[in-house]
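# Have a look at this prediction, sequence included:
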Amino acid sequence: MADSTTPNVGGEPSPAPEPSKGEPRLRMHAINKSFGAVRALTNVDFEVYAGEVVGLVGDNGAGKSTLIKAVAGVAPADDGEIFVEGQPVKITTPQIATHLGIETVYQDLALCDNLDVVGNLYLGREERIAGLALSENEMERRGLGVLRTLDVKLPSVRAKVAQLSGGQRQSIAVAKTILRNAKVVLLDEPTAALGVAQTRQVLNLIRQLRDQGLAVVVISHNLADVFEVADRVIVLRLGKRVGTFEIKSTTPERIVAAITGAEFGEILQTTTTDGNGNGTSGGDEQ
Ligand SMILES: Nc1ncnc2c1ncn2[C@@H]1O[C@H](COP(=O)(O)OP(=O)(O)OP(=O)(O)O)[C@@H](O)[C@H]1O
Ligand SMILES: [Mg+2]
């Protein structure tokens, strides 16, 4: 198990998880999505395993958010297949995604400033036991349990969210996904607006999710962050998957080259690690 309390320094990758390389927790196959004349995604395959963090990277407009929105049920794909633990699913609404254990944290976090932490954790979800609404105390107890498991530091769970820092808010949005029994957590630019200490807190949280056996997808423009938390990186370019890299055996330069399309033929050869097309090499995409 990764030691999530030890910050990674010097860009060293996190300790590797032990994903069962059987069926991915989430798999997307041949996803297409257009907005009018704009082809946002072309024939994109994607997979993330339990106990794995995948960094989803690419330049502005590469299709990252579009891919996440397709699996979150916010903007379903035009065609393609989605499998959760090997079972084919149709995700046409966010409610279906939630029901399947797929939770998304967007940059505008959809937290309610005027509610406190506990109120936000349970917002939009009435907690009931045997038909009875859960007491405030019980909600607080459970919420605190999750925040403690995730090692989230807050002034108080009764603090109004408006008083919290960006990192603390991001942490609450993530904790909320845990309370909903997520199996897959998708984070769209979770550290983009955060300072150094807050970024560290959120990266730590991402490791905690992975160590709890969740499948985690992190979209980020910050390759240092990606190298800190991701086990694997999938690169989109102009709506196509153009590269897959095991973080342990690649460099930021190679990923940047895939993002920008520079010397691409060479990258395909130099990053191939297993050659059997199971998604761990850079040679399985075009
Ligand atoms: N609602 C929409 N209507 C029209 N075009 C859209 C819409 N959403 C996305 N697009 C287009 O689809 C393409 C992919 O956009 P997307 O938001 O997925 O990119 P991204 O990789 O998330 O970029 P960024 O890093 O800037 O967030 C872009 O060309 C974008 O202009
Ligand atoms: Mg985006």
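Alright, I've got the coordinates. Residues are numbered from 1 along each chain as shown. Ligands and ions are numbered 1, 2, ... in the order given.
# where exactly do the strands run in the stretch 101-250 of the chain?
102-105, 128-129, 132-133, 184-188, 215-219, 232-237, 240-246 (DSSP state E, counting those that start in this stretch).
# Comparing those, which yields the minimum mean pLDDT?
Ranked by mean pLDDT, those bottom out at strand 128-129, with a mean of 54.
# any idea which helix is longest in this protein?
helix 196-211 (DSSP state H).
# chain center to that helix: distance?
Distance of helix 196-211 from its chain centroid, counting by C-alpha atoms, centre = their mean, to the nearest Å, is 12 Å.
# least trustworthy helix or strand in this protein by mean pLDDT?
helix 264-270 (a mean of 44; mean pLDDT, DSSP states H and E).
# Quantify the burial of residue 247 by counting its neighbouring residues.
22 (other C-beta atoms under 10 Å). In this view, the C-beta of every residue, glycine as well, is placed from N, C-alpha and C.
# Equivalent analysis for the one 4 residues further on, please.
Residues within reach of residue 251, counting by other C-beta under 10 Å, total 15.
# Use 303 as the first number from now on
Happy to do that; since the first residue is 303 now, the last one works out to residue 553.
# so where is this structure shaky, pLDDT-wise?
The model of the chain has pLDDT under 70 over residues 303-323, 409-412, 425-436, 565-588.
# can you list the residues of it near ligand 1?
The chain has residues 337, 340, 342, 360, 362-368 near ligand 1, with proximity defined as C-beta under 6 Å from any ligand atom.
# Throw these into TSV and include secondary structure and neighbour count, thanks.
Below are those laid out as TSV (DSSP: H, G, I helix; E, B strand; the rest coil; neighbours: other C-beta atoms under 10 Å):
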residue	secondary structure	neighbour count
337	strand	10
340	strand	11
342	strand	25
360	coil	25
362	coil	6
363	coil	14
364	coil	23
365	coil	25
366	helix	24
367	helix	20
368	helix	22
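# Farthest pair within the residues you listed?
For the residues of the chain next to ligand 1, the farthest-apart pair by C-beta to C-beta is 337 and 360; their separation is 16.6 Å.
# Stretch 327-336: which residues count as buried?
327-330, 333-335 (16 or more other C-beta atoms under 10 Å).
# Among those residues, which ones are in strands?
328-330, 333-335 (DSSP state E).
# Taking those residues together, which two end up most distant?
328 and 334 (17.8 Å).
# Check the burial of residue 468 by counting its neighbours.
Neighbours of residue 468 (other C-beta under 10 Å): 18.
# so it touches residue 500, yeah?
Yes. Shown here, residue 468 and residue 500 form a contact pair, counting by C-beta atoms under 8 Å, at 5.6 Å.
# Skipping adjacent residues, who's closest to residue 478 in space?
residue 423 (5.4 Å; C-beta to C-beta, 6 or more residues apart in numbering).
# How about the contacts made by the one you found?
Neighbouring residues of residue 423 by C-beta atoms under 8 Å, 6 or more residues apart in numbering: 441, 445, 448, 474, 477-478, 481.
# can I get the residues you listed in a markdown table with distance to residue 537?
Shown next, in a markdown table, are the contacts of residue 423 (distance: C-beta to C-beta, whole Å):
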| residue | distance to residue 537 |
| --- | --- |
| 441 | 41 |
| 445 | 37 |
| 448 | 33 |
| 474 | 30 |
| 477 | 30 |
| 478 | 29 |
| 481 | 32 |
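# Closest one of those to residue 414?
Nearest to residue 414, judged by C-beta to C-beta, of the contacts of residue 423 is residue 474 at 10.6 Å.
# So this protein: which segments form each domain?
Here the domain parsing of the chain from automatic domain parsing is 311-403+485-587, 418-479.
# now, of those, which is deepest in the fold?
Neighbour counts (mean count of other C-beta atoms under 10 Å) averaged over each of these peak at domain 311-403+485-587, with a mean of 19.
# and the gap between residue 381 and residue 371?
Distance of residue 381 to residue 371, given as C-beta to C-beta, to the nearest Å: 15 Å.
# Then residue 346?
From residue 346 to residue 371 the distance is 13 Å (C-beta to C-beta).
# Repeat that for residue 387.
21 Å.
# From residue 549, how far off is residue 529?
6 Å.
# Same question for residue 496.
The gap separating residue 496 from residue 549 is 21 Å, by C-beta to C-beta.
# Could you do residue 528 as well?
Separation of residue 528 from residue 549 (C-beta to C-beta) stands at 8 Å.
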